[in-house]
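Student: this one's structure only:
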């Protein structure tokens, strides 16, 4: 969401836990990547890159199967996927 990259790492919310979780994954499994379905901020991408994680933008990936799965459990009465 807009402004998400301004949320400090380590705060108790979905955005604030990304960097600490990725640091743990790198320690355990080595470098890797995380795919963000709706983009990401440059600042977060740089922070992730510093710990060995590449941020990828899924807006350039065919997400048809993901969206079909989401429609099976995460929609309103009209079938719109809730974010």
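Tutor: Arrived safely, thanks for sending. These numbers were taken from a predicted model, which means no experiment stands behind them.

Student: only C-alpha atoms for contact and neighbour calcs from this point on.
Tutor: Fine.

Student: now find how far off-centre the helix or strand residue 27 falls within is within its chain.
Tutor: In this structure, residue 27 is located in helix 18-29 according to DSSP states H and E. Averaging C-alpha positions (C-alpha atoms, centre = their mean, to the nearest Å) puts helix 18-29 13 Å from its chain's average.

Student: got it, and stretch 18-37?
Tutor: 10 Å.

Student: from residue 65, how far off is residue 38?
Tutor: 16 Å (C-alpha to C-alpha, to the nearest Å).

Student: which elements pack onto the helix holding residue 27?
Tutor: helix 42-50 (3 or more C-alpha pairs under 8 Å, 6 or more residues apart in numbering; DSSP states H and E).

Student: quick check: mean pLDDT of the helix it packs on?
Tutor: For helix 42-50, mean pLDDT is 90.

Student: name the residues of it that are buried.
Tutor: By 16 or more other C-alpha atoms under 10 Å, the buried positions in helix 42-50 come out as 44, 45, 48.
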